[in-house]
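S.K.: Requesting a structural model of the entry that follows:
(2 chains)
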Number of protein chains: 2
Amino acid sequence: MLSELRAVLGDRLDTSPDALEIVRSDRSGYVSAGAPLGIVHAESVEDVQATLRWAHAHRVPVVTRGAGTGLAGAATAGPGEIVLSTARMTRIHEINDVDLLAVIEPGIINADLNAVLAEHGLWFAPDPASRAISTVGGNIATNAGGLLCAKYGVTREAVLALDVVLADGSLISMGHRSVKGVTGLDLTALMVGSEGLLGVIVGATVRLRRAVPGPVHTIAAYFPSVRDAAEASVAIGRAGLTPAIMELLDATCLATVHAHLGRPTPPLGQSQLVLRTDGPDAREAAEAALGILRAHGATAELAATEREGEDLLIVRRAMHPALETLGYPLIEDVSVPRSKLAEMFDAIAAVSERFDIPIPTLSHAGDGNLHPNLIVDGPEVPERVWEAAHALFQACLELGGTLSGEHGIGVLKQRWLAEELGETQHELQKRIKLAFDPLNILNPGKVFARS
Amino acid sequence: MLSELRAVLGDRLDTSPDALEIVRSDRSGYVSAGAPLGIVHAESVEDVQATLRWAHAHRVPVVTRGAGTGLAGAATAGPGEIVLSTARMTRIHEINDVDLLAVIEPGIINADLNAVLAEHGLWFAPDPASRAISTVGGNIATNAGGLLCAKYGVTREAVLALDVVLADGSLISMGHRSVKGVTGLDLTALMVGSEGLLGVIVGATVRLRRAVPGPVHTIAAYFPSVRDAAEASVAIGRAGLTPAIMELLDATCLATVHAHLGRPTPPLGQSQLVLRTDGPDAREAAEAALGILRAHGATAELAATEREGEDLLIVRRAMHPALETLGYPLIEDVSVPRSKLAEMFDAIAAVSERFDIPIPTLSHAGDGNLHPNLIVDGPEVPERVWEAAHALFQACLELGGTLSGEHGIGVLKQRWLAEELGETQHELQKRIKLAFDPLNILNPGKVFARS
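M.R.: You can find the predicted model right below:
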C-alpha cells in the first residue's frame, strides 16, 4: 500500500525508525501506542493532495503535523496512521504593507516569519511561548494564544483566509483578503483551532499589524502571596489599563526559574507579576500601573532600560525548561474570567494539598489563562494525577471558565470535553467533523474520543 | 396545525394580516412571494424552544427575525413559513466591568445596549450604520460591520459565547466567558454571520471595551475626484495611521446628502473623506493625517469642536435616506483589499457607464468595504440591473475582493455565492448546514439557493 505512495512522493515519504519514533509524541509528553506507517514531508500543495487522495482511497488515518510542539497530543501518531508533515512548506509568497497581510505556507516558524516582517516594520501578533519553535500552521490549527492576547487578540483574529486540502484531496480556498467578508459560513474561523480534524491547511493569508512605535516599558512587581498578585492584576484592568503583557509567576515558579537561570533566590512565598506597556501612552500607563501595584502591596520597579525589560521576560520564557528540573510537568491550561483569577489560584492550592501534588502555576493574568503544572515522576501519568486534573477542571468550570485556554484538547483532555460542551453540542461537533471528513480519516481519535 | 402552537403561546402567536405583510420584506427591498403562516413574538428561551419543537415535528420552515433591518433579505418570510421574532427578548442579564462582558438577550437594540453601557464607561464596539434600529442578535447573525471595523474589528471579535436553540428545540451553550478558550470546534465563530441557517441565538455573552478616553478629532477632506480620495485613504494607512473612522462619499453621494439635509451644494465632482481619530494620540494622528490629505490634493480641515465633528458624521449617517430621493437604491456591499480601493471605484464607474445606471458609492475606506448603490425605479429590479451587479461582483473578485463585506447573502446574492466559494466549498457549506439542521427547517432557501 505504501509503495503506491512512494511511487508518487519518492524520498519525501520517510519510514526510518528514528523519524517514526519522534512523531509518536509531541511536547505534551504523550506517547502513542506505537510507530505510524510513515511520514510524508510535503513540499507542495500537490504533495498534500496526493497523500490525501491515497489515504482516502485506502482509508488510512492522517495526522497532520507541523513542528510537533503541541501540548495536548493532537499531532501524535500511532500504528496504522500516516503523518503528513507541512514543516518543509515554509515559503512566504507575499508581504503586503498596504493591505497588512502576508500569504504564507503553513510550515514557517512563527519567529522566522516575524523576523522577515520586522524588516518591513510589520508584525504577526500571535505570540505563543513556543514562537521560536512552532509553525504558523500549527498556531492556526490550535488557535494559539500566548502572552499578548488581552491586547492583541488570539490567532483567530489574525487569520484572513486559508487554503485547505480536504480529506478526499480536493483543494478549497476560504476567507478573504479584505478586512471584512461575510460570504457564506465562516469556515476560516471554524478551521482555526480545529486540531487537524477538518482539513489540512496548506496556505494562509494572515493579518499583519504595523510594529507598535515607540519604547515599551516593563515592570516587575513582587508580592508576598500569589493571591495579592492576582488581585493586583485585576485592579490593573479595572483601572482601564491594558498592558501588552501581564504575566504572573507563583512562588514555586519564580524560585524554580531563578534557580534554573542561576539568579538570586527570591524570598519564600514571593510571587511575581511582570507587565509591559506599549504604544503612544506606554509611559503614562506604566506609571499608573506602578501606583496600583504598590497600593496592592507590591515591591515594584520600572525596568530602567529596554534590555532590562527584555531580561524580565527571559525569566518568563524560561519557565518550561525550568519546571522540568522539578520532575515531569503535566502542563494544564485552564482559563477563567479575569475576575476569578484569585479564586482559581485558591482552587489550585486546595487541589495541590488534597492530592499532595506540587502544582506550580503561571498565568497570562491579563486574559485569565492559567498553566497549573502538575509535577509527576515521569511521562506515565498516574491515575491520582488525572483525578487532581479533573478536580482542577471542575473548579474552573464552576468559576465560569474553560478547560483549555490555548493548548487544545488533543488526546489529553478528551475525557472531559463532553462535560464542558454538554452531550448535545458534543454530538453536533462530531457531525460537523463528519461533514468535512465523512470517512473520518483526519486525525481520528483526537479531540473526540474513539467511539 | 397552528392551533397547537397557539395553545402553547397564546397571543404571542400573531397572525394579523398587517404584521404578516411587514415580515415579507426587510430593508433590502426584497418582498417574498406571499404572507407567512404567523409570527411568534418569543419572550423567553422556552418560547423559542416550544416553537422549534413544533416546527420540527411538522417540518415547518422557521425564519428567525430581529428588527428586520437586514439588507440582503435573510429575515424575510414567505408562504408556509413561520417567523420567530426575538425582538421582545431585550433583557440585559449582566454587565461585568472587570471581565469586560455583558450577558444579553438577542432582541436588544445595539444603541440601547450602548446607552446602558455608556453609564458604566463601557462600550460594545460593533457599529453598523443601522445601530439605532438593529438588534444585537441580528448584528451577530450577520456579523455586522460598520464604520469602526478597521480599528475595532467586526462583530465576530465581540462575541464570546452564545446560547443557541437548535432546529429540534434543544438548547446548547457554546463559547466562553474567558478571553481565551479552545475547547472543541469554535462553533461560536461559526454561528456569527450564519444568517439564521444553523440555530436561533437566544442569549449572547458579548465582549465589551472600556470607553476610549480623551477627545476625538474629526477631519473633513474634499477632493476633486473620488480616485484622489481613495488614494489618499490608502496613504493614511501606509503612514501607519489607523483612524477609528474613515468614510468616503463620492460626488453623487455628497451632493445628494447635502441636498437632502439642505446644506450648500458642493462643487461638481467633489468627493469627501471624513476621518476620526481617537485614543491617546488622537491629536497627533489627526495632524499627521491632515498633512497627508493636503499632500494628496485635498482641501481639509480639522473640526474645531467635537460637535462640529459629530455634524460631519451626521452627513454620513443620513446617506441611506438621502439616496432614496434619487430612486430605489439597490445597495451593494463589495469589499476589496484596501490597496484596490481606487481600482474598484474605476470599475464601478465603468459599470455605471456601460449599463447606463447611476451608481453613487460610499465606502468604509479604512477597511476597503464599498457600497455601490444601483439606482433603479422601484423594488422590482430589472434584469439589466442584476447584470450590472454581476459585472461589479466580477470586478471585485478579480481585485481579490468578496461580494459581501457586511450585509450577507440572504436571498439577493445567492446566485453568485458558488462563484466565489467554488463548487466544492459550496457543497461543504451545505453539508455543515445539514449537520446542524438535518430536516432543513431553519431559513431554507436563504444563502444557499433552493435545490
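
S.K.: Could you use CA atoms for every contact and neighbour count after this?
M.R.: Will do.

S.K.: in the stretch 351-451 of chain A, what residue is nearest chain B?
M.R.: Closest residue of the stretch 351-451 of chain A to chain B, C-alpha to the nearest C-alpha: A:Gly405 (4.1 Å).

S.K.: burial measure for that residue, as a count.
M.R.: If you count neighbours by other C-alpha atoms under 10 Å in any protein chain shown, A:Gly405 ends up with 29.

S.K.: and what of A:Glu353?
M.R.: By the criterion of other C-alpha under 10 Å, A:Glu353 has 12 neighbours.

S.K.: Secondary structure element holding it?
M.R.: Secondary structure from DSSP states H and E places A:Glu353 in helix A:341-355.

S.K.: Please identify the buried residues of that helix?
M.R.: For helix A:341-355, the neighbour count (16 or more other C-alpha atoms under 10 Å in any protein chain shown) marks A:Leu341, A:Ala342, A:Glu343, A:Met344, A:Phe345, A:Ala347, A:Ile348, A:Ala349, A:Val351, A:Ser352 as buried.

S.K.: my read: A:Ile236 touches A:Ile292, true?
M.R.: Yes. Counting by C-alpha atoms under 8 Å, A:Ile236 does reach A:Ile292; the two are 6.7 Å apart.

S.K.: The two: which is more packed in?
M.R.: Under the criterion of other C-alpha under 10 Å, the comparison of A:Ile236 against A:Ile292 puts A:Ile236 first, with 23 against 18.

S.K.: Helix or strand: which one has the more buried one?
M.R.: Per DSSP H and E: A:Ile236 is located in helix A:226-238.

S.K.: Okay, angle between that helix and helix A:341-355 too, please.
M.R.: Relative orientation of helix A:226-238 versus helix A:341-355 (axes from the mean of the first three to the mean of the last three C-alpha atoms, to 10 degrees): 160 degrees.

S.K.: tell me which strands and helices helix A:226-238 is in contact with?
M.R.: If contacts are counted by 3 or more C-alpha pairs under 8 Å, 6 or more residues apart in numbering or on different chains; DSSP states H and E, helix A:226-238 sits against strand A:245-249, strand A:271-277, helix A:282-295, helix A:341-355.

S.K.: Turn the ones you listed into JSON lines, including distance to A:His258 and mean pLDDT.
M.R.: Formatted as JSON lines, the helices and strands packed on helix A:226-238 follow (distance: least, C-alpha to C-alpha, whole Å; pLDDT from 0 to 100):
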{"stretch": "strand A:245-249", "distance to A:His258": "11", "mean pLDDT": "97"}
{"stretch": "strand A:271-277", "distance to A:His258": "12", "mean pLDDT": "97"}
{"stretch": "helix A:282-295", "distance to A:His258": "22", "mean pLDDT": "97"}
{"stretch": "helix A:341-355", "distance to A:His258": "21", "mean pLDDT": "98"}
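
S.K.: Columns distance to chain B on top of those, output as TSV?
M.R.: Below are the helices and strands packed on helix A:226-238 laid out as TSV (distance: least, C-alpha to the nearest C-alpha, whole Å):
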stretch	distance to chain B
strand A:245-249	14
strand A:271-277	13
helix A:282-295	10
helix A:341-355	11
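
S.K.: list the contacts for A:Lys430?
M.R.: Applying C-alpha atoms under 8 Å, 6 or more residues apart in numbering or on different chains to A:Lys430 gives the contacts A:Phe448.

S.K.: Then A:Tyr328?
M.R.: A:Ile375, A:Val376, A:Asp377, A:Gly378, A:Pro379.

S.K.: can you list the domain ranges for chain A.
M.R.: Recorded structural domains for chain A (assignment: automatic domain parsing) are A:2-85, A:92-210, A:213-323.

S.K.: Next, the distance between the ends of stretch A:370-381.
M.R.: Taking C-alpha to C-alpha, to the nearest Å, stretch A:370-381 runs 20 Å from one end to the other.

S.K.: Not counting it itself, show me its contacts.
M.R.: A:29-30, A:326-336, A:348, A:357-364, A:385, A:389.

S.K.: A:Glu4: neighbour count?
M.R.: Neighbourhood size, A:Glu4 [other C-alpha under 10 Å]: 10.

S.K.: where does it land in three-state SS?
M.R.: Secondary structure state of A:Glu4, per DSSP: H, G, I helix; E, B strand; the rest coil, is helix.

S.K.: which residue sits closest to it, ignoring its sequence neighbours?
M.R.: Excluding the flanking residues, the one nearest A:Glu4 by C-alpha to C-alpha, 6 or more residues apart in numbering or on different chains is A:Trp54, at 8.0 Å.

S.K.: Please list the residues of the stretch 51-200 of chain A that sit near chain B.
M.R.: Neighbours of chain B within the stretch 51-200 of chain A, by C-alpha under 8 Å from any C-alpha of the partner chain: A:97-99, A:142-143, A:145, A:150, A:154, A:157, A:170, A:172-174, A:176-187, A:189-190, A:192-194.

S.K.: partner residues bridging A:Val159?
M.R.: Counting by DSSP bridges, A:Val159 forms beta bridges with A:Val206.
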